[in-house]
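S.K.: got a predicted structure here, sequence first:
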Amino acid sequence: MKKTGLIAGISFFAGAVFFAVVCGYLYKINLVQPSLSPQVAYADTMNLKGGGLNFAPLVKKVRPAVVKVLSLTKIDKDRGAGEDWLDKFFDFTPRGEKIPGVGSGFFISNDGYIITNNHVVENAIKVRIKTINQKEYAARIIGTDPRTDLALLKIDANNVPFIGLGDSNKAEVGEWVLAIGNPLDQDLTVTAGIISAKGRQLGVADYEDFLQTDAAINAGNSGGPLIDMEGKVIGINSIIFSPSGGNIGIGFAIPSSIAEKVVRDLKSRGRVVRGYLGIDIQALSESEAKDFELPVAGILVVKVEEDSPAEKAGLKKYDHIIAVNGKNVKTSTQLSMTIAEVSPGEIVTLTIYRGKQKKNIKVKLGEAPDTMKFITQGEQSRSFDLGMILVENSPRLAREYGLKTSMGILVKRVERRSTADRNDIRELDVILEADREKLKNVGQLRSIISRKKPGSSLLLYINRDGREGMIKFRLPK
């Protein structure tokens, strides 16, 4: 009997030891420990409360830096030369109406600089911001960048609470994030979720590399910060995908890696300056590259623009770009973003395949045509900014934008309050002639304007929505 009891005791003790060892192993491999992301585990501002995650310390830290952005947009009655004449031919929307708008933003420095979305303040005649303590300030628009949908504002205040920009390149899918803003006009709402995906291209901006998140984002969240667990901004909330117009867990934020350059340029120049190659491109996957008898995936040069930096450097159609400054590029977005981040005038080294021959080509980058600048040859030579983006029209562009003609040059963008805007030039106008000379490319228009004196006018013949008419375009003095 004693022997049986001894054996039972030994068995129980051995079983207990075995159970402890197994539980310890399971805990070590994360099968029985609380579900914490790596960042949450080491973030100073995080803790556990009631068995779950507690974001309260982090929210208290960053929420005071988030603001409501209130804008007022007016559709002007008088936009410039030629208005009365054009009203007879085009069906214009009645003007003079003031439209209020609400969005979000956040301080990025203690001297009152604020990041928001361009579409929150686009064409605004007045912008105000409201802080967490309900103070209101008039805000100045320092600069906007429609190509990334970002804008920089400034208020006259010091020692404001602010949030620093983090490194979105280090963010990983599955990490916790917080979205803060004013959804549906509800002040400073906080929602939590994870990064669902990186590198999303949606076709809504010229330069995009969106972070996707399931943190609830709704109308009014635009311009607010997407915060990581270290209290840094890794994204600026921008748009949602939703058939109903409400949150369904698919929101997108502009990564801080893009915002950092935009803010730096807007602060120093009032506009964003980007590098420019002057090529049309098409990405080739591994399988497609093999069809072309190329060893690796990369970017195929479809067209080299005349007199562009690429042409001057000797780049040719059918060249296959695989790296920039030694860094591999496999998608069109990677190449475009890499070049855009380099300042005009700097030299980059492109690694390419020309046929089966691998070689390096050095290219001195130009400036991407965000705005068109011209030099006039009058009594005093001077440069001025017309505030519009122009590109050579083509059948492809005509199909893409639903244009009625593939001739002339296309107005892709018009800056608010610019010379082009005051002369009633509009996006997707097609300029067919200038001073009775048919236009084939942007360089031709540049040459015509360079011969004009400041303050003089030129006659533009345009196509707008399939109807043609003339505009007397007055150059700045």
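M.R.: Thanks, I have the structure now.
S.K.: list the contacts for the residue nearest the centre of the chain?
M.R.: With distances taken as C-alpha atoms, centre = their mean, Thr148 lies nearest the centre of the chain, 2.3 Å away. Residues near Thr148 by C-beta atoms under 8 Å, 6 or more residues apart in numbering: Asn118, Ala205, Asp206, Tyr207, Glu208, Ile254, Ile258, Ala259, Val262, Val272. Any C-beta I mention is one placed from the backbone N, CA and C, and that applies to glycine too.
S.K.: do that again at 10 Å, thanks
M.R.: Counting by C-beta atoms under 10 Å, 6 or more residues apart in numbering, Thr148 makes contact with 117-118, 205-209, 236, 238, 254-255, 258-259, 261-262, 272, 340.
S.K.: cool, Val363 as well?
M.R.: Per C-beta under 10 Å, 6+ apart, neighbours of Val363: 275-279, 308-315, 324, 339, 342, 346-350.
S.K.: could you rerun that using 8 Å?
M.R.: Leu277, Pro309, Ala310, Lys312, Ala313, Leu315, Ile347, Val348, Thr349, Leu350.
S.K.: what of Ser109?
M.R.: Here Ser109 is in contact with Phe162 (C-beta under 8 Å, 6+ apart).
S.K.: quick revisit: is the closest residue to the residue nearest to the centre of the chain other than its chain neighbours in a helix, a strand, or coil?
M.R.: Once flanking residues are discounted, Thr148 sits nearest to Tyr207: 5.1 Å by C-beta to C-beta, 6 or more residues apart in numbering. Tyr207 falls in the coil class when you classify it by DSSP: H, G, I helix; E, B strand; the rest coil.
S.K.: now swap in the one 5 residues further on and tell me
M.R.: Reducing the assignment at Gln212 to three states with three-state DSSP gives strand.
S.K.: ok, Asp187 next?
M.R.: Assignment for Asp187 (three-state DSSP): coil.
S.K.: tell me the SS of His119?
M.R.: Quick answer, by three-state DSSP: His119 is helix.
S.K.: distance check, it against Ile299.
M.R.: 30 Å (C-beta to C-beta, to the nearest Å).
S.K.: more neighbours: which of these two?
M.R.: Legend: neighbour count by other C-beta atoms under 10 Å for His119 and Ile299, higher for Ile299 (25 against 20).
S.K.: which residue packs closest to that one, ignoring adjacent ones?
M.R.: Ile321 (4.3 Å).
S.K.: same question, Leu277
M.R.: Nearest one to Leu277, counting by C-beta to C-beta, 6+ apart, is Ala310 at 4.7 Å.
S.K.: so the one you found touches Ile279, yeah?
M.R.: Yes - using C-beta atoms under 8 Å, Ala310 is in contact with Ile279, at 4.8 Å.
S.K.: just checking, which helix or strand of this protein averages the lowest pLDDT?
M.R.: helix 38-42 (a mean of 33; mean pLDDT, DSSP states H and E).
S.K.: wasn't Leu445 part of a strand?
M.R.: No - with three-state DSSP as the criterion, Leu445 is assigned helix and is not in a strand.
S.K.: let me see the contact set for it.
M.R.: Neighbours of Leu445 in contact, by C-beta under 8 Å, 6+ apart: Leu390, Ile409, Ile431, Ala434, Leu439.
S.K.: that older thread, which residues touch the stretch of helix or strand the residue nearest to Leu277 belongs to?
M.R.: Taking DSSP states H and E as the criterion, Ala310 maps to helix 309-313. Applying C-beta under 8 Å, 6+ apart, the external contacts of helix 309-313 come out as 276-279, 301, 304-305, 361-366.
S.K.: residues touching Val173, list them.
M.R.: Val173 sits in contact with Ile194, Ile195, Ser196, Ala197, Lys198, where contact means C-beta under 8 Å, 6+ apart.
S.K.: switch to 7 Å and redo it
M.R.: Ile195, Ser196, Ala197, Lys198 (C-beta atoms under 7 Å, 6 or more residues apart in numbering).
S.K.: just the buried ones among the residues you listed, please.
M.R.: Ile195, Ser196 (16 or more other C-beta atoms under 10 Å).
S.K.: in the contacts of Val173, find the pair that's most separated.
M.R.: Within the contacts of Val173, two members stand farthest from each other by C-beta to C-beta: Ser196 and Lys198, at 8.8 Å.
S.K.: that's a helix at Ile425, yeah?
M.R.: No - according to three-state DSSP, Ile425 belongs to no helix; its state is coil.
S.K.: how near is it to Glu367?
M.R.: Taking C-beta to C-beta, one finds Ile425 at 21 Å from Glu367.
S.K.: those two: which is more packed in?
M.R.: Higher neighbour count among Ile425 and Glu367: Ile425, with 25 against 15, using other C-beta under 10 Å.
S.K.: doesn't Val411 make contact with that one?
M.R.: Yes - judged on C-beta atoms under 7 Å, Ile425 makes contact with Val411 at a distance of 5.9 Å.
S.K.: overlap in contacts, these two.
M.R.: By C-beta under 7 Å, 6+ apart, the residues touching both Ile425 and Val411 are Met388.
S.K.: take the contacts of Leu445 and keep only those in strands.
M.R.: Counting by DSSP state E, the contacts of Leu445 place Leu390, Ile409, Ile431, Ala434 in strands.
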